[in-house]
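1. Provided below for reference: sequence and predicted model.
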Amino acid sequence: MKNKYLITALLVGLSTFAKAQIGFGGSTPVYSAASPQPFLFSVNTLTASTPFWSVNYSGSYGERVAGPFGFDGVDQQLAVKGYMGNRFTLYGNAAIGFGRSGGVTSAQQIEVLRDVFGGKQLFGPRLGISLGAGRDWSNVKSIFSRVTASFDKASWRVIGNARFEKAFSSKRDDIDLISSVGFQHRLTGNFYAGIEAVGEDLEGFWEADEAEGGAKLLVGPSLNLIPSNSRLAFSLCGGPVFYATHSNVIPSEAIRDVGTIGAQNGFTVRASVSFNLHQ
């Protein structure tokens, strides 16, 4: 019950802050700047029309989850994201986790993305690919590639990611697949609300011995606020994490957008604030 109160309080808090910043009832978008990271489980590319660098701080609380966006306990993450020119985006982060069962651990990853379609303007469709490398909570190194697709309008945005990961561990799958999709609609000013869904280890739908325990899903509300004439942007997302399939393999501590320890369902909630280094 207290977990529901926590999520509700965070949602109400951000909504109240949005009202204080922009006021409800307006119909004209303020849209003073694009959010560098409007979704918390999907990575978007930056464009030539928004060539800024930003620093992002985020924190999360999770139960029976694992990974940088759903650590089993409390995790704190610092990220840097920037536009490098010629439709290239750099995204890197480092996280430290304080486990519910005790202990402190860390994880890092870095990624370079490039739009191969679109990407010259903020509004309109974009399609990009990426290459990256990371180290997860259990010190397993990996390389990965991401396909990202998005469509931005002044009043709404939609995004989808498909990430293919190769971990250098004999206890892990040859290739892991993590996918996500998100939608946000402008309620007023620069305040957006919508939904985000994440699918992890989806190979569990067709592999009975999937190494991380089975296919897992997260579906939850997604909020994003960019106060007018501010360098700050705020995002919030969370929800239940549940198994859609099960295998009899004990899951590893793979770095994930979501992840579940053992064969139990869990939940996670994450909030972030981004600071635009360019005015």
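-> Nice, I can see it. Numbering: from 1, shown residues only.
2. what's the spacing between the residue nearest to the spatial centre of the chain and residue 93?
-> With distances taken as CA atoms, centre = their mean, the residue of the chain nearest its centroid is residue 41 (2.0 Å). Going from residue 41 to residue 93 by CB to CB, to the nearest Å gives 13 Å. The C-beta positions use only the backbone N, C-alpha and C, and glycine is treated the same way.
3. repeat that for residue 109.
-> 6 Å.
4. quick one: low-confidence parts of the stretch 1-150 of the chain?
-> 1-33, 51, 66-69 (pLDDT under 70).
5. tell me what residue 217 is bridged to.
-> For residue 217, the beta-bridge partners under DSSP bridges are residue 199, residue 242.
6. contacting residues around it?
-> 197, 198, 199, 200, 241, 242, 243, 244 (CB atoms under 8 Å, 6 or more residues apart in numbering).
7. now do residue 183
-> 156, 157, 158, 159, 194, 195, 196, 222.
8. 6 Å instead, please
-> Listed by CB atoms under 6 Å, 6 or more residues apart in numbering, the contact partners of residue 183 are 158, 194, 195.
9. which residues touch the first one?
-> Meaning residue 158. Per CB under 6 Å, 6+ apart, neighbours of residue 158: 151, 183.
10. quick check: the residue nearest to the centre of the chain vs residue 197, distance?
-> Counting by CB to CB - residue 41 and residue 197 are separated by 8 Å.
11. equivalent analysis for residue 186, please.
-> 20 Å.
12. same deal with residue 231?
-> In terms of CB to CB, residue 231 sits 30 Å off from residue 197.
13. for the stretch 101-250 of the chain, what spans make up the strands?
-> Taking DSSP state E, counting those that start in this stretch as the criterion, the stretch 101-250 of the chain carries its strands at 104-117, 124-135, 141-152, 156-167, 176-188, 191-200, 216-225, 232-243.
14. quick one: secondary structure of the residue nearest to residue 120 when sequence neighbours are not counted?
-> Spatial nearest neighbour of residue 120, excluding adjacent residues (CB to CB, 6 or more residues apart in numbering): residue 48 at 5.2 Å. Following DSSP: H, G, I helix; E, B strand; the rest coil, we place residue 48 in the coil state.
15. residue 273: what's it in contact with?
-> Contacts of residue 273 (CB under 6 Å, 6+ apart): 57, 234.
16. bridged to it, which residues?
-> residue 57, residue 234.
17. ok, and the closest non-adjacent residue to residue 221?
-> residue 195 is the one closest to residue 221 (CB to CB, 6+ apart), at 6.1 Å.
18. any idea of the pLDDT on the one you found?
-> pLDDT recorded at residue 195 is 98.
19. re earlier: is it possible to export the contacts of residue 183 to a markdown table including distance to residue 165?
-> Shown next, in a markdown table, are the contacts of residue 183 (distance: CB to CB, whole Å):
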| residue | distance to residue 165 |
| --- | --- |
| 158 | 24 |
| 194 | 26 |
| 195 | 24 |
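20. which one among these gets closest to residue 127?
-> residue 158 (12.8 Å; CB to CB).
21. how much space separates the closest one from residue 180?
-> Plainly put, residue 158 is 12 Å away from residue 180 if you go by CB to CB.
22. pretty sure residue 107 sits against residue 137.
-> Yes - counting by CB atoms under 6 Å, residue 107 does reach residue 137; the two are 5.1 Å apart.
23. from the contacts of residue 217, which is closest to residue 168?
-> residue 200 (19.1 Å).
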